[in-house]
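1. Only the shape, not the letters, is given here:
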């Protein structure tokens, strides 16, 4: 136990925790996207409702959710502590900024990107998870998704947050591969392909959902959406 505590107290230990928890969260995103793609089925949400019911009733899924929230907490905590330690290690700012000589842009704004992603997560949970699982809502899961994404401002916020998430994942994969010593020519092509899937294709898949509901689910859209589709962006 002491050895684990000593490892985590070091900078490399926190980076390992961030890498492992980050990879676990990425695997969850794959499963989450696979389930959300059921929203595109032309069955008025029947398959998606079945998927949501399984998530609620399956005890294995409930246990994984606990691990998921612990991973989120560990990832965020390690990131904040590392950021504070890096700031203390270099209290003086660069006298002259040169992008090719100083830290990469992604590294320097990781804390900002992570904070925005965390805000996005809070909004996402308060909009979908808590109403369906904790506080209760008269709407079904499909109806709730349809209602939320009928709001153009919510959809726009969702899309912008996904762009930032993709940027965060891109830097996160680069850092994780480097921490685990996987950055070499032998695996570069494979790692680049895996990273591209997670930082580009995965956010693009999630982003297609608000676009689909706003522009194509017209017959059940809210009055605001119908007016927007007919007269243009609301002001």
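-> Thanks, I have it. In this text, all values refer to a predicted model and were calculated from it rather than measured experimentally.

2. Which element, helix or strand, includes the residue nearest the centre of the chain?
-> Nearest residue to the geometric centre of the chain (CA atoms, centre = their mean): residue 165, 5.5 Å. For residue 165, the host element (DSSP states H and E) is helix 152-179.

3. Quick one: distance of that helix to the chain centre.
-> In terms of CA atoms, centre = their mean, to the nearest Å, the centre of helix 152-179 is set 7 Å apart from its chain centre.

4. List the buried residues of it.
-> 154-155, 158-159, 161-162, 164-177, 179 (16 or more other CB atoms under 10 Å). The C-beta positions use only the backbone N, C-alpha and C, and glycine is treated the same way.

5. I'd like the distance between the nearest residue to residue 207 once chain neighbours are set aside and residue 215.
-> Nearest-residue entry for residue 207: residue 162, 4.8 Å, with adjacent residues in sequence omitted and distances by CB to CB, 6 or more residues apart in numbering. Residue 162 sits at a distance of 16 Å from residue 215 (criterion: CB to CB, to the nearest Å).

6. Next: residue 167.
-> If you measure residue 167 against residue 215 using CB to CB, the figure is 25 Å.

7. next one: residue 137
-> When CB to CB is applied, the distance between residue 137 and residue 215 equals 25 Å.

8. Could you report the neighbour count for residue 62?
-> By other CB atoms under 10 Å, 11 other residues sit near residue 62.

9. Between helix 152-179 and the host helix or strand of it, find me the angle.
-> Using DSSP H and E, residue 62 falls within helix 59-89. Orientation of helix 59-89 against helix 152-179 (axes from the mean of the first three to the mean of the last three CA atoms, to 10 degrees) gives an angle of 70 degrees.

10. Give me the distance from helix 59-89 to the chain's centre.
-> Per CA atoms, centre = their mean, the displacement of helix 59-89 from the mean C-alpha position of its chain is 13 Å.

11. same thing with stretch 187-207?
-> Centre to centre, stretch against its chain (CA atoms, centre = their mean), the figure for stretch 187-207 is 13 Å.

12. Can you give me the end-to-end span of it?
-> End-to-end distance of stretch 187-207: 29 Å, with CA to CA, to the nearest Å as the criterion.

13. If we go by neighbour counts, what in that stretch is buried?
-> Of the residues in stretch 187-207, those with enough neighbours to count as buried (16+ other CB under 10 Å) are 191, 195, 198, 199, 202, 203, 205, 206, 207.
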